[in-house]
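[1] Turn this into a model:
(6 chains)
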4 protein chains.
Amino acid sequence: MEQSAGGRPREARIERDVLAAARELLVEQGFAGLRVAAVAERAGTTKPALYRRWPSLPHLVYEAAFPDDVAVALHLGGDLRTDLYGIVVGVRDLFTSPVVSAALPGLIAEFARRPELHASLLQRFSGVFVDLDRRLLRAVQDGDARADVCADDLVQTVLGAVLAGIVFTPEGLDDGWADRLSTTLWKGIRP
Amino acid sequence: MEQSAGGRPREARIERDVLAAARELLVEQGFAGLRVAAVAERAGTTKPALYRRWPSLPHLVYEAAFPDDVAVALHLGGDLRTDLYGIVVGVRDLFTSPVVSAALPGLIAEFARRPELHASLLQRFSGVFVDLDRRLLRAVQDGDARADVCADDLVQTVLGAVLAGIVFTPEGLDDGWADRLSTTLWKGIRP
Amino acid sequence: MEQSAGGRPREARIERDVLAAARELLVEQGFAGLRVAAVAERAGTTKPALYRRWPSLPHLVYEAAFPDDVAVALHLGGDLRTDLYGIVVGVRDLFTSPVVSAALPGLIAEFARRPELHASLLQRFSGVFVDLDRRLLRAVQDGDARADVCADDLVQTVLGAVLAGIVFTPEGLDDGWADRLSTTLWKGIRP
Amino acid sequence: MEQSAGGRPREARIERDVLAAARELLVEQGFAGLRVAAVAERAGTTKPALYRRWPSLPHLVYEAAFPDDVAVALHLGGDLRTDLYGIVVGVRDLFTSPVVSAALPGLIAEFARRPELHASLLQRFSGVFVDLDRRLLRAVQDGDARADVCADDLVQTVLGAVLAGIVFTPEGLDDGWADRLSTTLWKGIRP
DNA sequence: CACTAATCGAGACGGTACGTCGCGTCTTGTG
DNA sequence: CACAAGACGCGACGTACCGTCTCGATTAGTG
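    Numbers count the residues shown, from 1 in each chain, chains lettered A, B, ... in the order given. The predicted model follows:
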């Protein structure tokens, strides 16, 4: 639609290979060690081809770490405690992947200069918010949660706990941690 | 100690002015927009004078954002719920100051490359951990908290919630938020 | 001949408009400031249409500055002094036109890389050489010139004087200059 | 004078080596094949160090081809015919050196965009003009030259003949050519 | 009336080089 | 010693053109 008109079409290979190269180099070199020229070279293309597709390296990193099709797998459907555990584990698994944990701190630092990245990430996870909002509403109706508990708070707390975990104790986010956190939250929001 | 021997003594003015300049420019330009030359110029000195004092710009930023004398004011001493509220508010107030919120994401991103900064920040807040550990131990003895609740989890959750707040909803960390979070945690850790 | 077979015929308009656009832009921007995309745009066409007709921009410039039909108007037929004056003025008038004086230095610089352009320009002016050779032969027979004077030297000297004039004193090539130069040459080649 | 004040002084080695590298690469690759990075590399330095000294590559080429100390060796002092021959040979020898003949066409093409280079070259050869002017004045007084002959015309003609020779018949500028040209000029300017 | 073949526009392609910026270091003269 | 000043090597940046290619859509002549 946006480029239905004439002109040589873009090679799909390049977008694909560049994102793959970026993911590899993120893990190998870290966000701060990522070089535009290195990504281009590993992808078998050149810098101008990159800048035709992404306005800057952080934009490319963002798309490499959070492709359009990623999402937190929520698997809601059990009792509240089980669902909370699932949410915690889902968020943890997404954010502790090598690529995401390498990219995220750098991306967050770039948010101050690139608001569109910030907005984009928020929107990417809006689905989680909506789903969780609905689940929480049901919990309130079932008498499993207080009426003043808000989904945004809950998601932010889970997200934050994972974030702090990546930064401070990356190895400590095991299933025991997930169990303790989800238990505390489950008890914490009960009436 | 390290430079007790002869020679011209360092001007105390420079260290003071450079830190002040760094704080100003952090707020004005953000972490990513901070330039060594700009800090030196605003402080009325030069780059070599800076590098004599700090090994790199992130080290300077770290000291500018977290001076030796900062600490979370905990004011423990009330009942558990009040103390938890105080902790949340204390962490929030420290991390949401303009300078710290501008510096922190960038510093976190640098942790991957400069482990000594990482370690230094952890150590700076070890006091909070110790204090909270002691408070939680008393709560367990008083029957206000479950025995399996661990202070590290709790601090990390509070820290993470503030961090996520800085990143995603900087304006939303009002006293109501602090009340909701501390309430949930208080209920969550009760036996 | 070269494209007698089927297919859509070239639009004559394009060749014409491109050459005109190149002439305009040569005068406006100079040889070094000439851009393929700019020429194409001003001619209302595109780069590929250009490269279908000329192998490179210098080739196009060459044809724009020296079309097939240009030639030095020699008007030989008077006495030797008059004819020499006519030659000097003819060469001067051709090479000091805005388009040619803008194109020539750049083209000369390209000769080192594109020998075919070099050869082509020499061939284009071979007519002058032949005519002058014949005129000089007659002058020798008439006793107006020494037998060892060679036409190539003479043409090269006139060409060089005009070239040096373009480069060093573009405004100084008036009729007085032409008179002085032709007089010196006339006297110089006499027996 | 211009940088008498503090700061690390420039390394004389760099200016020297860069000019030498430029001269080598001009001969090896030609003006159009000259690359800033290649010059820097061969000189054992970097692009920024080059741009600190010269505003652009043509400025550097200009200084490489025409150092402050170059000048046409005129050796005036004999009779007029001998001196004219000496002038022709002197100009020829300067401009047909590998470095100058590689640099000059490209430089001339740049004159359109960099008037300061143009002016600089003119000034560089003003000495020749002055010397020749004086010699011609004596010739007029001695009755060896017409009073209306002007030194500028003469220099320009010699320069132009050499220029045209470089462009059109580089191999043909032998001593016979110099003899023929100087003879024609000598006869041409006689009363 | 299809078929063929080269053109047209548009614009992305791989590629090369550009000129600039910022880092952290070094070298001077001065206090 | 430290200071101001400023060039240094280094490495990366984002941009500008180049000349080519790939489209879908014309536009003749040929079969």
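
[2] tell me the contacts of the closest residue to A:Ser101 other than its chain neighbours?
    Excluding its sequence neighbours, the residue lying closest to A:Ser101 (CB to CB, 6 or more residues apart in numbering or on different chains) is A:Ile166, at 5.2 Å. No exception for glycine: its C-beta is placed from N, CA and C like everyone else's. By CB atoms under 8 Å, 6 or more residues apart in numbering or on different chains, the contact list for A:Ile166 reads A:95-96, A:101, A:104-105, A:173.

[3] Which of those has the largest number of neighbours?
    A:Leu104 (26 neighbours; other CB atoms under 10 Å in any protein chain shown).

[4] doesn't A:Ala65 make contact with it?
    Yes - the pair A:Leu104 / A:Ala65 is scored as a contact, 7.0 Å apart, by CB atoms under 8 Å.

[5] give me every residue that touches the nearest residue to A:Lys47 once chain neighbours are set aside.
    Nearest residue to A:Lys47 in three dimensions, chain neighbours excluded: A:Ala40, at 5.0 Å (CB to CB, 6+ apart). A:Ala40 sits next to A:18, A:21, A:46-47, A:49-50 when contact means CB under 8 Å, 6+ apart.

[6] before we move on, what about A:Gly7?
    So A:Gly7 contacts nothing (CB under 8 Å, 6+ apart).

[7] Tell me the pLDDT of it.
    Note on A:Gly7: pLDDT of 77.

[8] same thing with A:Ala71?
    In this model, A:Ala71 carries a pLDDT of 67.

[9] just A:Ala119 next, same as before
    In this model, A:Ala119 carries a pLDDT of 87.

[10] Ok, A:Val128 next?
    According to the model, A:Val128 scores 78 on pLDDT.

[11] what's near enough to touch the closest residue to chain D within chain A?
    The nearest approach of chain A to chain D comes at A:Ala37, 14.2 Å away (CB to the nearest CB). Listed by CB under 8 Å, 6+ apart, the contact set of A:Ala37 reads A:Lys47.

[12] which element is it on?
    Per DSSP states H and E, A:Ala37 falls inside helix A:36-42.

[13] do that helix and DNA strand E meet at all?
    No - judged by CB under 7 Å from any atom of the strand, helix A:36-42 makes no contact with DNA strand E; its nearest approach is 8.5 Å.

[14] and that helix, which residues are buried?
    Using 16 or more other CB atoms under 10 Å in any protein chain shown as the burial criterion, the residues of helix A:36-42 that qualify are A:36, A:39-40, A:42.

[15] which SS class is the residue nearest to A:Ser101?
    helix (DSSP: H, G, I helix; E, B strand; the rest coil).

[16] angle of whichever strand or helix holds A:Leu163 against helix B:151-168?
    If you go by DSSP H and E, A:Leu163 is part of helix A:151-168. Here helix A:151-168 runs at an angle of 110 degrees relative to helix B:151-168 (axes from the mean of the first three to the mean of the last three CA atoms, to 10 degrees).

[17] in stretch A:42-61, what's buried?
    A:42-43, A:45, A:49-50, A:54, A:57-61.

[18] Which of those sits closest to DNA strand F?
    A:Leu57 (5.3 Å; CB to the nearest atom of the strand).

[19] quick one: contacts for the closest one?
    So A:Leu57 contacts A:34, A:36, A:39 (CB under 8 Å, 6+ apart).

[20] So, low pLDDT: which residues of chain A?
    Counting by pLDDT under 70, chain A contains low-confidence ranges at A:1-5, A:70-73.

[21] One more pass at 90, please.
    A:1-11, A:68-78, A:110-134, A:148, A:150-152, A:167-172, A:191 (pLDDT under 90).

[22] Would you state the helices of it in chain order?
    A:12-29, A:36-42, A:47-53, A:57-65, A:80-95, A:98-111, A:115-124, A:126-141, A:151-168, A:175-189 (DSSP state H).

[23] Tell me the spacing between A:Gly77 and chain C.
    Distance of A:Gly77 to chain C, given as CB to the nearest CB, to the nearest Å: 58 Å.

[24] wait, I meant A:Ala102
    A:Ala102 is 40 Å from chain C, by CB to the nearest CB.

[25] wait, doesn't that residue sit right on A:Gly30?
    Yes - the criterion here is CB under 8 Å, and A:Ala102 meets it with A:Gly30 at 5.7 Å.

[26] what sits up against stretch A:15-22?
    Residues contacting stretch A:15-22 (CB under 8 Å, 6+ apart): A:34, A:39-40, A:42-45, A:49-50, A:53, A:60-61, A:63-64, A:67.

[27] So for that stretch, what gets flagged as buried?
    Buried residues in stretch A:15-22 (16+ other CB under 10 Å): A:15, A:17-19, A:21-22.

[28] got the domain boundaries for chain A?
    Residue ranges for the domains of chain A, per automatic domain parsing: A:2-65, A:68-189.

[29] Ends of the last one, what's the gap?
    In terms of CA to CA, to the nearest Å, the two terminal residues of domain A:68-189 are separated by 32 Å.

[30] Counting neighbours, what do you get for the residue of chain A found nearest chain C?
    Closest contact between chain A and chain C, by CB to the nearest CB, is at A:Gly6 (10.1 Å). By other CB under 10 Å, the residues close to A:Gly6 number 6.

[31] when you check DNA strand F, which of the contacts of A:Leu57 turn up near it?
    Checking the contacts of A:Leu57 against DNA strand F (CB under 7 Å from any atom of the strand), the matches are A:34, A:36.

[32] of the contacts of A:Leu57, closest to D:Pro191?
    A:Val36 (73.2 Å; CB to CB).

[33] hang on, that closest one packs against A:Lys47?
    Yes - under the criterion of CB under 8 Å, A:Val36 makes contact with A:Lys47 at 5.5 Å.

[34] quick one on the thing from earlier: of the contacts of A:Leu57, which is the nearest to DNA strand F?
    Taking the contacts of A:Leu57 together and measuring to DNA strand F by CB to the nearest atom of the strand, the closest member is A:Val36, at 3.5 Å.

[35] Pull the contacting residues for A:Leu26.
    By CB under 8 Å, 6+ apart, the contact set of A:Leu26 is A:34, A:61, A:64-65, A:98-99, A:102-103.

[36] swap in A:Ala164?
    B:156-157, B:159-160, B:163.

[37] To what extent is A:Arg135 buried, counted in neighbours?
    Other residues within reach of A:Arg135, judged by other CB under 10 Å, total 20.

[38] and the gap between it and A:Ala12?
    38 Å (CB to CB, to the nearest Å).

[39] Then A:Val130?
    31 Å.

[40] of these two, who's got more company?
    A:Val130 (11 against 8).

[41] Nice, that's everything, thank you.
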